[in-house]
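# Got a sequence here, can you model it:
(2 chains)
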Amino acid sequence: MPVVETAALTQRFGATVALDRLDVAVPGGVTGLVGANGAGKTTLLYAVLGLRRPTSGSVRVLGLDPVADGSELRSLVGFAPERNVLPDEMRAIDFVRHLAEVRGLPRKEARTRASDALWLAGLGEERLRALGTMSTGQRQRVKLAQAIASDPRLVLLDEPTDGLDPVQRNEMLALIRQVSSEFGVDVIVSSHVLDEVEQVCDHVVAIDAGRLVASGALSDLVGDRSGLALELVEPADSPGAAAAVEAALAASGLKVRRDGLRLVVEGADHGELCDRVRDAVSEASAGLRRLDSRRHNLEDLFEDRAVEEMRA
Amino acid sequence: MSEADAAVIGAGGVSEATDGGARIFGQGYRRYEGDRAGIAGAVWSVARHSFRAALGLGRPARHKILPVVTAAFSFVPAVVMAGLVAFLGSIVEGEEDFLPSYHEYYGFIGMSVVVYCGLVAPDILVSDRRNGMFSLYMSTPLQRWSYLAAKAQAVIMALAIVTVGPVLVLLLAYTLNGAGPDGLGEWMLALGRILGAGLAYAALYAAVSLAVASLTDRRAIASVTVIVLIVGTSIAASALVGEAEMSAQLHLLNLLLVPYTMVGVIFGEPVSTGGLSAQGVVLACAGWAAAGCALIWWRYRRLEVG
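As a prediction, the model looks like this:
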């Protein structure tokens, strides 16, 4: 059974369509919810939590209806919001313990688990510090700790690496991976940084302007396709050479994306890809300024979508 | 480390025995398979937490000063009277009219209750909207209505310190010095009335102050507004009835007079303000409370989570 399942989920705010007929099935493990700022990620997370009644369509989370069974569902879900504002005067241990209690744990159990969660998040020594004295990285860890302290079945993390430096970001991603792989808790991570989603997630749901761009296992979406990035030069006697190269490569069955004199070409076999590119460039009498290998990545999903929309 | 500690921590991870007998306990992640408290538990947890925070408990010392000082003002008359009864008991014996009755005591502390209310109630509601806790609470089993119920409970508990506490001190002082109610039945009746009157007083001011606090994100503005509103209705109603000679029913808008009169009604005293009836006073209290609740609900239904 999917952890989260939506059917034609639509969320409107006046004239703005935040989610547009979204059909998504999120399996267990770590799922990345990716998209640009304003794509609808947070709106989807709030729909999953039952905090906003969908305009139309449906959501089911852990087999429950978030609107009708909101309280029951939210006792099984840990949530770390994007907003980094926390009660400054509260000690980290009190903050995590209190929210564990509110999520239904008995007082003694909440106290023990709050301490454990802070140790797991790397804040064991800092657990008695006031939140207002903590760095951004530490506050992000506290938010993660409060999300896992009540032993949820699902954890929703909204931009958990926001404001972190590269070292802190890697540590946070490792923690998220640990929550799923070692603790057996399913995690949905929203992020606009595609690299980190690729680094930590098993599955991906990509949305753009409220619409589904792609959804599935990361390996299926990224695949094993290799690619080349070219930057051409059009000699004076060969105007339109770049377009000719694009046409030749496309005609040979390769996936090509062109932006002026820059092309991205993808194919299954790297050697064959190189040969075809060499031939196409040569036949078009184009100059080659730059040639890089590149792997197909999540960014390509969005670029493909943009190209399709332009063509449409 | 005790065996009990070892059991708790050891349940979470690996424990190993070393040659020297020392043991290393891993603090691994443990599943929780027990029951969860549900909404009732969540409401109580938030109410207790908010109550403690409003009194400055678990916060730096500066947050304790104002609530403690204003609450202390409400106890001063009770302590003075307890002292008088204790030291001058033989003098006042048979002259119990010298002592204020329980409901009259609320006349002594009316303003200190208002100031205390203005300080405590906004802190309980406004802070959550400013520091992100409201959104976090909404991601828990709490819903808007249960969250507000928890906050109302916290405010009533905090206000009950000054609306119930001093009168209980008075009851104990009178009782210990032989000036209290006659017999267990009368004593229990007095206790019930003190609790009922104090909680009703607290509930009315909780509704009014939370309604004000729901309208602004600035705690200081909410505090001042609560005090100005309560005192202002008193001045306005008195002026309209006394100076402009308008209907005495306008006293029902007086947020200082109405709860005081309601307390008298609960203690079985006749309504002393001309033109008002006991029923009218009770209805006015209910009306103020209902209006406050409606305003809070209207505000929070529209409040965005995020």
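
# now stretch B:239-248: mean pLDDT?
When pLDDT is averaged over stretch B:239-248, the result is 85.

# ditto for stretch B:285-296
Here the average pLDDT along stretch B:285-296 is 96.

# Could you give the separation of the longest helix anywhere in chain A from the chain centroid?
In terms of residue count, the longest helix belonging to chain A (DSSP state H) is helix A:166-181. The chain centroid and the centroid of helix A:166-181 are separated by 14 Å under CA atoms, centre = their mean, to the nearest Å.

# and that helix, what other elements does it pack with?
Judged by 3 or more CB pairs under 8 Å, 6 or more residues apart in numbering or on different chains; DSSP states H and E, helix A:166-181 is in contact with strand A:30-34, helix A:136-148, strand A:186-191, helix A:194-200. C-betas here are computed from N, CA, C, even on glycine.

# Residue B:238: which of the ones you listed is closest?
Residue B:238 lies closest to helix A:136-148 among the helices and strands packed on helix A:166-181, at 50.7 Å (CB to CB).

# Backbone torsions only: list them for the residue of the stretch 1-150 of chain A found nearest chain B.
Per CB to the nearest CB, residue A:104 is where the stretch 1-150 of chain A lies closest to chain B, at 2.9 Å. Phi and psi for residue A:104, reported as degrees, to the nearest 10, are phi 110, psi 0.

# for residue A:53, same thing?
Given degrees, to the nearest 10, the pair of backbone angles that residue A:53 has is phi -70, psi 130.

# quick revisit: ok, the residue of the stretch 1-150 of chain A closest to chain B touching residue B:39?
No - using CB atoms under 8 Å, residue A:104 is not in contact with residue B:39, being 9.1 Å away.

# and for those two, which residues touch both?
Listed as contacting both residue A:104 and residue B:39 by CB atoms under 8 Å, 6 or more residues apart in numbering or on different chains are residue B:141.

# Which one of the two is surrounded by more residues?
residue A:104 (27 against 20; other CB atoms under 10 Å in any protein chain shown).

# Tell me which residues touch residue A:205, please.
Per CB under 8 Å, 6+ apart, neighbours of residue A:205: A:24, A:26, A:31-34, A:212, A:214-215.

# what does the model give the closest residue to residue A:199 other than its chain neighbours for pLDDT?
Leaving aside its sequence neighbours, residue A:199 sits nearest to residue A:173 (CB to CB, 6 or more residues apart in numbering or on different chains; 5.6 Å). pLDDT for residue A:173: 92.

# how many neighbours does residue A:173 have?
Neighbour number of residue A:173 under other CB under 10 Å is 22.

# Also residue A:29?
Residue A:29, neighbours per other CB under 10 Å, totals 16.

# most remote residue from chain A's center?
Note on chain A: the largest C-alpha distance from the chain mean falls to residue A:237, namely 46.1 Å (CA atoms, centre = their mean).

# Assess the claim that residue B:101 and residue B:267 are in contact.
Yes - Residue B:101 is within contact range of residue B:267, at 7.2 Å (criterion: CB under 8 Å).

# and the chain, what are its domains?
This is for chain A. A:4-221, A:224-295 (automatic domain parsing).

# actually it's chain B I care about, not the one you picked
Split by automatic domain parsing, chain B gives B:1-34, B:40-301.

# Leaving out the residues flanking it, which one is nearest to residue A:155?
residue A:78 is the one closest to residue A:155 (CB to CB, 6+ apart), at 4.3 Å.

# Tell me the spacing between that neighbour and residue B:68.
Noted for residue A:78: a distance of 36 Å to residue B:68, by CB to CB, to the nearest Å.

# So for those two, which sits in the more crowded spot?
residue A:78 (29 against 11).

# Does the more buried one belong to a helix, a strand or coil?
Using DSSP: H, G, I helix; E, B strand; the rest coil, the structure places residue A:78 in strand.

# Now do the contacts for it.
A:103, A:146-150, A:152, A:154-156, A:185.

# and the stretch 51-200 of chain A, which residues reach chain B?
Within the stretch 51-200 of chain A, the positions adjacent to chain B are A:51-52, A:70-72, A:74-75, A:77, A:79, A:81, A:83, A:85-91, A:94, A:98-99, A:101-106, A:109, A:112-113, A:116, A:119-120, A:146, A:148, A:150-151, A:182-184 by CB under 8 Å from any CB of the partner chain.

# I'd guessed residue B:155 sits against residue B:211; true?
No - using CB under 8 Å, residue B:155 makes no contact with residue B:211, being 11.1 Å away.

# ok so, going back, output the contacts of residue A:78 in a markdown table, with pLDDT appended to each entry.
Formatted as a markdown table, those follow (pLDDT from 0 to 100):
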| residue | pLDDT |
| --- | --- |
| A:103 | 93 |
| A:146 | 95 |
| A:147 | 94 |
| A:148 | 94 |
| A:149 | 93 |
| A:150 | 92 |
| A:152 | 94 |
| A:154 | 96 |
| A:155 | 96 |
| A:156 | 96 |
| A:185 | 92 |
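
# now check stretch B:52-63, is it near chain A?
Yes - using CB under 8 Å from any CB, stretch B:52-63 reaches chain A at B:58-60, B:63.

# Pick the most buried one from the domains of chain A.
Counting by mean count of other CB atoms under 10 Å in any protein chain shown, domain A:4-221 has the highest mean neighbour count of these, with a mean of 20.

# ok, back up a step: wasn't the residue farthest from the centre of chain A part of a helix?
No - applying three-state DSSP, one finds residue A:237 to be coil, outside a helix.

# Tell me who's in contact with the closest residue to it other than its chain neighbours.
Excluding its sequence neighbours, the residue lying closest to residue A:237 (CB to CB, 6+ apart) is residue A:285, at 7.4 Å. Taking CB under 8 Å, 6+ apart, we find residue A:285 in contact with A:235, A:237-238, A:241.
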